[in-house]
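Colleague: Structure of the sequence below:
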Amino acid sequence: MKAPTMMISLLAVTVLAGCSNPETRSQANRDFDYESETLRSAPLMIPQGLEAPRFNTEYVIPENGTSGATGKSLDIRPPTQVLPLVRGSEIMADGTGLWFYQQQLDQPLEQQLSQALADFFDATDAKHNRVSNGFTSSGKVIGAPEQQFSWQLMPDPVRRAVAVQVQATEGADALLQDRQRAEASMLNAFSLSYQQSLSRQQELLDQSPISLTLDSEQQRLVSVQSYDRTWKRLIVLLPKLGFDISNRQQALGYVDVEFDGLSKGDWQDLNLPALNIPEQEYRIQLGDLGNRTSLSLSNKDREPVAAEVLSELAATLTPAFERADLAR
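Modeller: Residues are numbered from 1 along each chain as shown. This next block holds a predicted model:
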């Protein structure tokens, strides 16, 4: 299991599991006999002829004890906070919800979040109903019985964002901290589920074919995908095609490589045209063209390579960019 996946899985267990742990134990794991103890003291004996010292009464313990919870009634569980588990999400100013921002242009964000909530309820076997601007659902969080929750989606067209808030609608007589704990736990569980879904979608997208064409007039290759997707695909493919990456700067858009070549058998195993270019150092420069990306090839002196070399690279790189099996 990959490290990020393992971390997410462990977090899911922490948020959703019902087994005994510090989250479920609301009382200290010791006896409370100390509550029946009283402070026994005797007045200070002052020898005859001396004056009694002045005492600071600031730290005197009240006879009636403290006014707050003590002993078994004291909840020792740590507070549960709303966490921005989705990349780019943001905790609302009052801490009662999360802002999610538009990242994919193929679907309105509010519609995407509604579907993600429905998928989350189905995955957790939670009964739910659609209502105006959101859902109602049942759910159970750590150390608490099943509760009813109200989910509200609040779009902000100016910010291209949608806020998701959850409120416990049952147990109005419960302590405020218990309701807040349940609401934060449910929102974190949804955020975790949504992030996992986005990661799966991105993984499938990263492995989908990318069309690459040779622009002979401009002496460059052109990808019909975004800069980020093209960069990811290029970085994965280069080592498989016999290139050693010595330096890469995504922000500046270049990759320094040295081509060591592959054997004839290796090219046959890859089922790609053999790349017949000089075995030397190169720089591949990427350019962001909006929904397209350019790739230019130069030698170690930063001089553009000959048209024949670029054509050879295109003959091998073009089919490689279309292969999902090589994108992993």
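
Colleague: Just to check, residue 298 is in contact with residue 306?
Modeller: No: judged on Cβ atoms under 8 Å, residue 298 makes no contact with residue 306 at a distance of 10.9 Å. (Glycine included, C-beta is placed from N, CA and C.)

Colleague: Helices along the stretch 1-150 of the chain, start to end?
Modeller: 3-16, 109-123 (DSSP state H, counting those that start in this stretch).

Colleague: tell me the average confidence for the shortest one?
Modeller: Put plainly, it is helix 3-16. When pLDDT is averaged along helix 3-16, the result is 44.

Colleague: Can you list the buried residues in stretch 261-278?
Modeller: The neighbour-count check on stretch 261-278 (16 or more other Cβ atoms under 10 Å) flags 262, 267, 270, 272, 274-275, 277 as buried.

Colleague: do the same with stretch 303-322
Modeller: 305, 309-310, 312-314, 316-321.

Colleague: Over to stretch 70-83?
Modeller: Quick answer for stretch 70-83 (16+ other Cβ under 10 Å): 77, 80, 82-83.

Colleague: what's the answer for stretch 151-159, then?
Modeller: Of the residues in stretch 151-159, those buried (16+ other Cβ under 10 Å) are 151, 153.

Colleague: can you dump the C-alpha coordinates of it into CSV?
Modeller: Taking Å, rounded to 0.1, in the frame of the first residue of the first chain, the C-alpha atoms of stretch 151-159 are listed here in CSV:
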residue,chain,number,x,y,z
TRP,A,151,-26.2,19.0,5.6
GLN,A,152,-26.4,22.4,3.8
LEU,A,153,-24.6,23.5,0.6
MET,A,154,-24.1,27.2,0.3
PRO,A,155,-22.7,28.4,-3.1
ASP,A,156,-20.7,31.6,-3.5
PRO,A,157,-20.6,32.4,-7.2
VAL,A,158,-18.1,35.3,-6.7
ARG,A,159,-15.5,33.0,-5.1
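
Colleague: would residue 248 count as being in a helix?
Modeller: No: counting by DSSP: H, G, I helix; E, B strand; the rest coil, residue 248 is not part of a helix but strand.

Colleague: Which residues does it form beta bridges with?
Modeller: On the basis of DSSP bridges, residue 248 is bridged to residue 255.
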